[in-house]
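S.K.: My questions concern the predicted model and sequence given below.
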Amino acid sequence: MLTLNETDRLLEELRESIATLTPSVCYSCARCSSGCVMVEAGCIPHSIIQLFRLGLLKETEKGLWPCCQCLKCDARCPQDARPAMLILALRNLLVARGHAPPKGYIVMLENIVRHATIQPPQEVMNKDFDFVSRATLGLPELGKPTNMDAFRRNLRKIASNLLEAEEK
Amino acid sequence: MKYTVFWGCMIATVEYGYEISVREVFPRLGVELTDLGWNACCGYPIMQVNNKAWLYLASRILAEAQRLGIPLFVPCNGCHISLCEAQHILIERDELAAWVNELLKEEELRFNPSKPIKVLHTIEVLHDEIGLENLKKAVVKPLSFKVACHYGCHILRPSDFPRVDDAENPSKMEAILEAIGAKTSDYPERLECCGAGANVVEPELVARLCGWKLKVVKARGFDAMVTSCPACQANYDAKQDAIRQIMNDPDVSLPVFYLTQLVGLAMGIEPRKLGLDLNKSPVESLINL
C-alpha cells in the first residue's frame, strides 16, 4: 500500500510521458464502468481509479490488461478523471518495473524491430480461394525506413526492458 | 487536393481491400496521392507497454511528412489518433520534442513543433475536402441497401485535440452514405467498440462482442455494416467464421464493407477493382462479384 505522498509522487512520474492524469477528481459515479465493453473481463474503470487513490497499486493489476482503450470512459466522464489514461499509465509503469506484459505486445514490438511493421505483408485468400499477395494484387512495395540500423538502435535503446540487446 | 498517404501496419500487410479501394476511388475524385516513401509502425500498438517507443515511432512519421511538406492522409483510425496525439504532445511539451529530435538525428529527421502538419482521415477527405456535392456528382449507381455506420472509436475520441467528428453524435459517415444513395439511420449500439484493442488479451470475448453487434445490426433491419478502420473491419468482416464457431451461432452473418468500397460501388467501379473479392463477409449477397 502506498502513502498519499507516494501516490502523488507516482502520478508526477507518470505525467512525464502521459500528461492527462487526473484520478483525484473522480467522484465514483461509475459512468465509465457502466459503458465499458470489457467489464465482463474484469476491467472496471471506476474501481481501478479508486484502488489507485487508496494506494492499492497491486490490486489494480487484475483489471488493467483487458481494457481495449476505446476511450469511451475518458470521453464520458463528467469530471474528466481520465480512467483510460490511468490504465495506460499503470500498464506502462508495471512493464517498466519488470512485469511481463501479455505476449502479443512483445511479438508486435519484436516484429517492428525486424520488419518496421507489426507483421510482414501477409498472403490472404480471396473469394475464389486463391492466395494473393501485395504483388499479385498490383500493390506497390512500400519499403522500410531509410536507415533501418538507426531505427533498430533507437527502439532497442527506448524499449531495452522489452527487447534483447542484439538480434539473435 | 494532394496528400501523402501513410498506410500503417494493418492496411499494408493484410487489409488490402482498404488500400485497393482508396487507390481506385480517390484519384477519380480529384485527389492526388503519393506514398510516404517508406512504411513503418505508427507506434500505437505498443503504446500500452512503452509510451516513449510509441512517441518515437509516431514522431518519425510526422517528421518525414513535414519534410515532404504535403498534408498527411491516414486511412487507419489507430494511426490517425496516434499521429494526432503525438503531434499534440510534441507541440505542448518542449522537453519531449527535444528528446525525440535527439533520437531522430541519426535518421536525418526532425520534427518542428512550430509547423504542425495537417493529418486527415478518410472520412475527412470525403466529407470535408472532396465534399458531399462533388461526391453526389460522381455517383452513377446509387446504392439501394440500408447500411449501419460503425465509426470506430479512435477517430471520435478523446477531446484533448481535434478529432474527425463529434464524439457522441457523429454524422459525417451517414452524410457520405446518403450522398451515394444508401439508406442509413442511427441505432442505439452505433458507437459500441469492436474491442480490437483487447485482441491481445481477450480474443474470445472480443469475438463475442463483435458477434453481438453484427447480430444487433441485422436485427435492426440493416442489410450491411460499413467501417473506416482496418482494425474494426478485421474484427467484423474477417472473423465472422471464427465468431460463429465461438458463439456456436450460425446466425452471425452480415456483409461488412469499407466506406471507400461503397463509394466506389456507387461510382460504378467494378467490385473486384475495389478489393471486394477480399472481404470475408458475405458481400456477394448484395453485389455481383
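M.R.: Nice, I can see it.
S.K.: can you tell me which residues contact the closest residue to A:Ala81 other than its chain neighbours?
M.R.: Once its chain neighbours are removed from consideration, A:Ala81 has its nearest residue in A:Cys26; the separation is 4.0 Å (C-beta to C-beta, 6 or more residues apart in numbering or on different chains). Any C-beta I mention is one placed from the backbone N, CA and C, and that applies to glycine too. If you count contacts by C-beta atoms under 8 Å, 6 or more residues apart in numbering or on different chains, A:Cys26 has them with A:His46, A:Ile49, A:Gln50, A:Arg53, A:Cys77, A:Gln79, A:Ala81, A:Pro83.
S.K.: Kindly report the same for B:Ile243.
M.R.: So B:Ile243 contacts B:Ala207, B:Arg208, B:Cys210, B:Gly211, B:Leu214, B:Val252 (C-beta under 8 Å, 6+ apart).
S.K.: Pipe those into JSON lines and attach pLDDT per row.
M.R.: Listed next are the contacts of B:Ile243 as JSON lines, based on pLDDT from 0 to 100:
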{"residue": "B:Ala207", "pLDDT": "97"}
{"residue": "B:Arg208", "pLDDT": "97"}
{"residue": "B:Cys210", "pLDDT": "98"}
{"residue": "B:Gly211", "pLDDT": "98"}
{"residue": "B:Leu214", "pLDDT": "98"}
{"residue": "B:Val252", "pLDDT": "97"}
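S.K.: so of those residues, which ones are in strands?
M.R.: Members of these lying in strands (criterion: DSSP state E): none.
S.K.: Could you list the buried residues of stretch B:118-129?
M.R.: Within stretch B:118-129, the residues scored as buried using 16 or more other C-beta atoms under 10 Å in any protein chain shown are B:Val119, B:Leu120, B:His121, B:Thr122, B:Ile123, B:Glu124, B:Val125, B:Leu126, B:His127, B:Glu129.
S.K.: Tell me how chain B divides into domains.
M.R.: According to automatic domain parsing, chain B is divided into the following domains: B:2-120, B:139-285.
S.K.: just the helices in chain B please.
M.R.: With DSSP state H as the criterion, chain B has helices at B:8-13, B:16-25, B:51-68, B:77-92, B:94-104, B:122-124, B:132-138, B:172-179, B:203-219, B:230-233, B:240-247, B:259-266.
S.K.: ugh, wrong one, chain A
M.R.: Assigned helices in chain A, in chain order: A:4-14, A:31-34, A:45-53, A:57-64, A:72-76, A:83-96, A:103-115, A:148-158 (criterion: DSSP H).
S.K.: Could you export these to TSV, including columns for mean pLDDT?
M.R.: Formatted as TSV, these follow (pLDDT from 0 to 100):
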stretch	mean pLDDT
helix A:4-14	76
helix A:31-34	96
helix A:45-53	93
helix A:57-64	89
helix A:72-76	94
helix A:83-96	92
helix A:103-115	97
helix A:148-158	96
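S.K.: Pairing partners for the nearest residue to B:Thr34 once chain neighbours are set aside in the sheet, please.
M.R.: Distance criterion C-beta to C-beta, 6+ apart; nearest residue to B:Thr34, sequence neighbours excluded, is B:Thr4 at 5.5 Å. The partner list for B:Thr4 in beta bridges (DSSP bridges) reads B:Thr34, B:Leu72.
S.K.: measure B:Thr4 to B:Ser159 for me?
M.R.: 27 Å (C-beta to C-beta, to the nearest Å).
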